[in-house]
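# quick check, what structure comes out for this input:
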Amino acid sequence: MSTPSSTPSIRPSRTASPQYRRGGFGGLGVAALLAVAISPQPAVAQLAVFDAKANLEATLAAARQAESLANEARALAHQARSLAASPYSHLAESSETLRDIGALARTVRGTASTLDGVQRQFADLYPDDLALSNLAALGAGRSTTARRTAEDLARTAAELERLAQSRDGRLRGAMAASEAAEGETAAIQSSTQMLSVLAEDLASLRTALLAQSRLMAEGAARQAADRDAAIEARRRFWDRGTATPAAPSFNPLPHARD
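Alright, predicted model coming up:
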């Protein structure tokens, strides 16, 4: 009896079976998928996310800031125009004219222009008691004062007319500058220059009125003083004592027949 031979083990060849080859690649694919699945994923904060709403709000804020800066720039430009000075100025000429008018008022002749001077002058020319006064000397002094006062008024009027010759040109220049002013400061300066011209007119009018007032006061005082002097002269004439004429130094009787 023959011994049955052992059945040899059959090992499939890797190169012989295509199914084995597919099965091998399939295992590799599963392993790859498992590796990807179990690998650590990046955190959510690490992902770059574009927020359209936040971007729009930032753009609007930048636009509003740019508009605010533009408004501030326009405000500064307007303020600069408002603070711009007027190119026209005649303050130097007006100041010189006012100084000349003041000097003219201080160089009066005839009746004094100060309180102390008027009191001394009236005490000398118009005394209260004429009994012991020299009426002829007082009359001469009053006539001289009256002539000088009248001359002072005429001189003052002529000098004021000379100083006013360029005043109309300054007034027209100030009005033109005020009309062409672009800013508030230039307009104020032009108005101030117009007021300076008016101040010259007021100073001239005041000086002329003062000179005329001195002349009127001197004339009224002189008329009253001349009337009082005439009364005093009449009183002195009639108060003289009567005197008997002296006898002649020769005897006319012996020569009467001749």
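# for the host helix or strand of residue 209, what is the distance to the chain centroid?
According to DSSP states H and E, residue 209 maps onto helix 184-238. Taking C-alpha atoms, centre = their mean, to the nearest Å, one finds the center of helix 184-238 at 31 Å from the center of the full chain.
# quick one: secondary structure of residue 148?
When classified by DSSP: H, G, I helix; E, B strand; the rest coil, residue 148 comes out as helix.
# give me the neighbour count for it.
Residues within reach of residue 148, counting by other C-beta atoms under 10 Å, total 15. To be clear about C-beta, it is placed using only N, CA and C from the backbone, and glycine gets the same treatment.
# which residue packs closest to it, ignoring adjacent ones?
Leaving out its chain neighbours, the residue that sits closest to residue 148 by C-beta to C-beta, 6 or more residues apart in numbering is residue 110, at 3.4 Å.
# ditto for residue 175
Nearest non-adjacent residue to residue 175 (C-beta to C-beta, 6+ apart): residue 194, at 6.7 Å.
# show me what contacts the one you found?
171, 174, 175, 178 (C-beta atoms under 8 Å, 6 or more residues apart in numbering).
# next, count neighbours for the second one.
To tie it back to what came earlier, the one meant is residue 174. Count around residue 174 with other C-beta under 10 Å applied: 24.
# so it sits against residue 189, correct?
No. Taking C-beta atoms under 8 Å as the definition, residue 174 is not a contact partner of residue 189, at 9.1 Å.
# check which helices and strands the helix or strand containing residue 176 sits against.
Under the criterion of DSSP H and E, residue 176 resides in helix 167-179. Counting contacts by 3 or more C-beta pairs under 8 Å, 6 or more residues apart in numbering; DSSP states H and E, helix 167-179 packs against helix 91-106, helix 184-238.
# hmm, back to that, adding distance to residue 133 and pLDDT as columns, could you present the contacts of residue 194 in a markdown table?
Output for the contacts of residue 194, formatted as a markdown table (distance: C-beta to C-beta, whole Å; pLDDT from 0 to 100):
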| residue | distance to residue 133 | pLDDT |
| --- | --- | --- |
| 171 | 53 | 80 |
| 174 | 57 | 79 |
| 175 | 59 | 77 |
| 178 | 62 | 74 |
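# specify which member of the residues you listed is nearest to residue 146.
Nearest to residue 146 out of the contacts of residue 194 is residue 171 (C-beta to C-beta; 37.3 Å).
# and that closest one, how far is that from residue 102?
As judged by C-beta to C-beta, to the nearest Å, residue 171 and residue 102 stand 21 Å apart.
# do residue 110 as well
Here residue 110 is placed at a distance of 19 Å from residue 102 (C-beta to C-beta).
# so for the two, which residue has more residues nearby?
The neighbour comparison of residue 110 against residue 102 (other C-beta under 10 Å) goes to residue 110, with 20 against 12.
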